[in-house]
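Novice: give me a 3D structure for the following:
(chains A and B)
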2 protein chains.
Amino acid sequence: MQIPRRVSIVLFGDFELLDAFGPVQLFSRVPEEFSITLVGPTAGPVRSRQGTHVTADTSYADAETPDIALVPGGIGTRGLVADPSFLSWLGTWARPASLVTSVCTGSALLAAAGLLEGYRATSNKRAFDWASSHGDNVTWVREARWVVDRDRWTSSGVTAGMDMTHALIADQLGADAAAEASASIEYEPHTDPDADPFARVSRDA
Amino acid sequence: MQIPRRVSIVLFGDFELLDAFGPVQLFSRVPEEFSITLVGPTAGPVRSRQGTHVTADTSYADAETPDIALVPGGIGTRGLVADPSFLSWLGTWARPASLVTSVCTGSALLAAAGLLEGYRATSNKRAFDWASSHGDNVTWVREARWVVDRDRWTSSGVTAGMDMTHALIADQLGADAAAEASASIEYEPHTDPDADPFARVSRDA
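Specialist: Numbers count the residues shown, from 1 in each chain, chains lettered A, B, ... in the order given. Here you go, the predicted model:
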């Protein structure tokens, strides 16, 4: 990877706000080590599910493959899993990245683009049955805050993406750097990827 | 308050991204109860400290006083505490709101605008000495995740704003509604405003 590591976040209409900006907030606490690019359908404003418009720095068509690709979730994933041109772009663009990551139902997009074949992965617990219906040869893990399988990192719902990002910073820079990044935003991260209270709630419901 | 309660978030150059969007994410999980407006120096893009441009829905000049005003922190506060025209606008605009709230060093802006006179308040722990130098008659509370004093709610750094928002939703809608909002984003909130591990770290440093 280059230093700073190039992190690109894939935005789309009706993405979930915190899926993207929880990780962005943590990565940006170590700006000399990670640079962030927001990639959208076109350069310019992209509307999140929450109604907030965020400016994409560059378009899918113009975006270079980064060191770390991150795909958020959100209700906008429901249409994109059936959008061949988006999935074709995502597969081609993300596959050469050193790490391909997702938050929440972003893993459904990775799976639908063929990026999780032969990998273990997780997703949002309330949308788990839907998300895990994608991909042909994905080992879906229901009880996990996040799952690391070689160069694929996938997290559970929304705020789980912050815990995955904390772990990713620790993987790249060491535990002390990750602890400092989280402490600087007064965040107490979950550090056990297998501890997932929401999987249990989901099963009981 | 009107239903949905009108929540306005005050954006400014170099605001801290998650100070604003942690609360937005939680409020937007109960869209029939809270509507969000982003207010900026002008309508249009505002650059966060993290480099992300977010679109303000309306300008300071045109913004109506909401039911709930929320002021995030960030390094941009350092200039604004010495900007008489901003402080004059903020004081006049926010004072009639039912609740005036802040995250992180946003409380320095409330204090500098005269909105915390006679109130208890807290702020980011790493910027506490600076933040608490503002206002003439503010009782600053160093060890608190967040502080509620009548119609003023102020939180500690960044992610503490999510815990304050969880508590505010509970205050307005009941504990079950707040628990559902947090669970839907797989977030385990801190529910004790007095439990503040970062105050201790800050004192030891």
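
Novice: list the helices and strands the lengthiest helix in chain A packs on?
Specialist: If you go by DSSP state H, chain A has its longest helix at helix A:160-173. Packing partners of helix A:160-173 (3 or more Cβ pairs under 8 Å, 6 or more residues apart in numbering or on different chains; DSSP states H and E): helix A:17-27, strand A:99-102, strand A:146-149, strand A:152-155, helix A:175-184. (Glycine included, C-beta is placed from N, CA and C.)

Novice: just the pLDDT for A:D176.
Specialist: A:D176 carries a pLDDT score of 97 in this model.

Novice: gap between it and B:V141?
Specialist: A:D176 sits 30 Å away from B:V141, taking Cβ to Cβ, to the nearest Å as the criterion.

Novice: more neighbours, these two?
Specialist: With neighbours defined as other Cβ atoms under 10 Å in any protein chain shown, A:D176 and B:V141 compare such that B:V141 has more, 21 against 9.

Novice: and A:D67, how far from A:C104?
Specialist: From A:D67 to A:C104 the distance is 22 Å (Cβ to Cβ).

Novice: which one of those two has more residues nearby?
Specialist: A:C104 (33 against 18).

Novice: for that one, phi and psi?
Specialist: With angles defined as degrees, to the nearest 10, A:C104 sits at phi 60, psi -140.

Novice: you'd agree it is up against A:M164?
Specialist: No: A:C104 is beyond contact range of A:M164, at 10.4 Å (criterion: Cβ atoms under 8 Å).

Novice: can you check which residues contact both of these two?
Specialist: A:S155 (Cβ atoms under 8 Å, 6 or more residues apart in numbering or on different chains).

Novice: just for chain A, where's the confidence low?
Specialist: Counting by pLDDT under 70, chain A contains low-confidence ranges at A:200-205.

Novice: out of the helices and strands packed on helix A:160-173, nearest to chain B?
Specialist: Distance to chain B, taken as Cβ to the nearest Cβ, is lowest for helix A:17-27 among those, at 4.1 Å.

Novice: correct me if wrong: A:L99 contacts A:T65.
Specialist: No: using Cβ under 8 Å as the test, A:L99 is too far from A:T65 to be in contact (11.4 Å).

Novice: helices of chain A, start to end?
Specialist: Using DSSP H, helices in chain A cover A:17-27, A:77-80, A:84-94, A:106-112, A:128-131, A:160-173, A:175-184, A:197-204.

Novice: that older thread, turn the helices and strands packed on helix A:160-173 into CSV, columns for distance to chain B.
Specialist: Listed next are those as CSV, based on distance: least, Cβ to the nearest Cβ, whole Å:
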stretch, distance to chain B
helix A:17-27, 4
strand A:99-102, 14
strand A:146-149, 11
strand A:152-155, 9
helix A:175-184, 7
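
Novice: still on that earlier bit, and the longest helix of chain A, which residues are buried?
Specialist: A:160-170, A:172-173 (16 or more other Cβ atoms under 10 Å in any protein chain shown).
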